[in-house]
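**Q** build the 3D model from these lines:
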Amino acid sequence: MSEASIQHLQPSQHNSPRWKSIAGLPFLFLLLHCTSAPPPSPLPPSDSDLNLLGQAYLCQTRTQARESWLLPGSQETPWGNGTEHFQEIAFPNKQGQWVVFNEDETLIGVITVFPNGLSLDDYPTLRQTLSQLHPTREFYLTSSQLLEGQIPDSATLYRTGKATTTHQYYLRHRPGQDDQLVMAVFVLDPYESLLDGGHSKFLSYLEPTPSPRKAKTSPSTTHASTGRDFLSLQQFARGEIALFASCGTKDPDIAQDAYHKAIQYGLSDTKQLAEAHHRLGLAFIQLNKFSKAKASIEKALAIQPHAANILNSYGTVLVKLEKISAGIQAYEKAITLQPAYAQARFNLAEALESINPKRALQEYETFLVLMKDHPDAAAKVAIAEAKIKTLEGR
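**A** Coordinates of the predicted model:
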């Protein structure tokens, strides 16, 4: 395999970094915080001059990968409803790489492991980035050293990322030596809990005498990926990237298929099950299938009757079905549960315009108070300001 094929990891092509959610990763305690000068930014540093994928990028199709950089001889195994490829290179730095595609053949994650470690001396930008991050997790790296009566190497996990991707960097610490990078994980956010770099499947490749054959042939059942729980979580993640355009384009058809399958497989967490029904309803709204959306969101409310976000969506679909009074009641319940819920107030104001203009004006004004300085709400702030002028003119 050529050096360019595997040695260089190119971060996702998305440009607007943000904080990473830790939902689905109960063992991680995220300590990152913002120390930037005003205007305040919630974004962790994520710049890097270490490029490990070359022509690859997250969201690339498997066909594109095969045509450009994925070796025909790579070890291919099932990964739930998707596929996983393992490939290995010995020069100039020994590394193993796991490349994972979902069932739509979209590249959703890459794990690159350096068993001999990679010095950061040649990557000052990444070194600077890591110096600004707080550790997410610290742990012993190789359990085999404990069994042999040795003090095991320790490691630190740092997490950062961009708009829709999480980046994990694992640094190995050895007494009297500089820290070394031993693993880098790039993954689309919803899949992070299913592609955790701390899994023994990847850490075992760091053992003092790693077995390439063992690494190559590690079955996907290492992740319990034949179990219904894994399959349901995999489908939920698939729905997320389609519904919220993680790869640049929304695809409500894929989203509704994915959430439907997630529900069929069965989600053990009741809140996530409710959210799957809710998200399925959102996909139906995007498809203009409002009756189906209403039925799905009602199933979500049967599980989580006091979830403000679900009530807000329920109000929206009721308004779409011209059940204005019922929609207003749903918005009001959402606001009662969460008074600072700006989007619900905006939606309520829209629904009230022709029924109660004075109340609509009040809700738009409250929305402005809540969102006036929020950079992501500029478009709706402008709409609210225009609506206020119109309502005041009446």
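**Q** going forward, measure contacts and count neighbours with C-alpha atoms only.
**A** Fine.
**Q** excluding its backbone neighbours, what's nearest residue 104?
**A** residue 82 (7.6 Å; CA to CA, 6 or more residues apart in numbering).
**Q** residue contacts, that neighbour?
**A** 100, 101, 102, 103, 104, 105 (CA atoms under 8 Å, 6 or more residues apart in numbering).
**Q** how close does it sit to residue 314?
**A** 33 Å (CA to CA, to the nearest Å).
**Q** now do residue 352
**A** For residue 352, the distance to residue 314 - CA to CA - is 16 Å.
**Q** and residue 172, by the same measure?
**A** Residue 172 is 49 Å from residue 314, by CA to CA.
**Q** those two: which is more packed in?
**A** residue 314 (30 against 21; other CA atoms under 10 Å).
**Q** hang on, isn't the more buried one packed against residue 299?
**A** No - between residue 314 and residue 299 there is no contact under CA atoms under 8 Å: 10.8 Å.
**Q** so what's in contact with these two at the same time?
**A** Joint contacts of residue 314 and residue 299 (CA under 8 Å, 6+ apart) do not exist.
**Q** so which residue is dead centre in the chain?
**A** By CA atoms, centre = their mean, the mean C-alpha position of the chain lies nearest to residue 189, the distance being 1.4 Å.
**Q** okay, now the nearest residue to that residue once chain neighbours are set aside: neighbour count?
**A** Nearest non-adjacent residue to residue 189, counting by CA to CA, 6+ apart: residue 165, 4.9 Å away. Residue 165 has 27 neighbouring residues, counting by other CA under 10 Å.
**Q** which residues touch the helix or strand where residue 129 lies?
**A** Using DSSP states H and E, residue 129 maps to helix 124-132. With CA under 8 Å, 6+ apart as the test, helix 124-132 has contacts from 45, 46, 47, 48, 49, 50, 120, 121, 158.
**Q** in that helix, what's buried?
**A** Residues 125, 126, 127, 129, 130, 132 are the ones in helix 124-132 that count as buried (16 or more other CA atoms under 10 Å).
**Q** circling back to that earlier point, verify the stated contact: the residue nearest to the centre of the chain with residue 162.
**A** No - contact criterion CA under 8 Å: residue 189 and residue 162 do not qualify, at 9.4 Å.
**Q** circling back: narrow the contacts of helix 124-132 to those in strands?
**A** residue 158 (DSSP state E).
**Q** after the helix holding residue 129, which helix or strand is next?
**A** That would be, after helix 124-132 and using DSSP H and E, strand 137-140.
**Q** what's that following strand packed up against?
**A** strand 154-161 (3 or more CA pairs under 8 Å, 6 or more residues apart in numbering; DSSP states H and E).
**Q** how does the chain divide into domains?
**A** 3-218, 227-305, 307-394 (automatic domain parsing).
**Q** mind putting those into JSON lines with mean pLDDT?
**A** Conversion of the domains of the chain to JSON lines gives the following (pLDDT from 0 to 100):
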{"stretch": "domain 3-218", "mean pLDDT": "78"}
{"stretch": "domain 227-305", "mean pLDDT": "97"}
{"stretch": "domain 307-394", "mean pLDDT": "95"}
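**Q** can you say which of these is packed in most?
**A** Ranked by mean neighbour count, those are led by domain 227-305 with a mean of 21 (mean count of other CA atoms under 10 Å).
**Q** first vs last residue of that domain, how far apart are they?
**A** Using CA to CA, the end-to-end distance of domain 227-305 comes out at 29 Å.
**Q** show me where the stretch 51-200 of the chain has its strands.
**A** Assigned by DSSP state E, counting those that start in this stretch, the stretch 51-200 of the chain shows strands spanning 75-79, 82-89, 95-101, 107-119, 137-140, 154-161, 165-173, 180-188.
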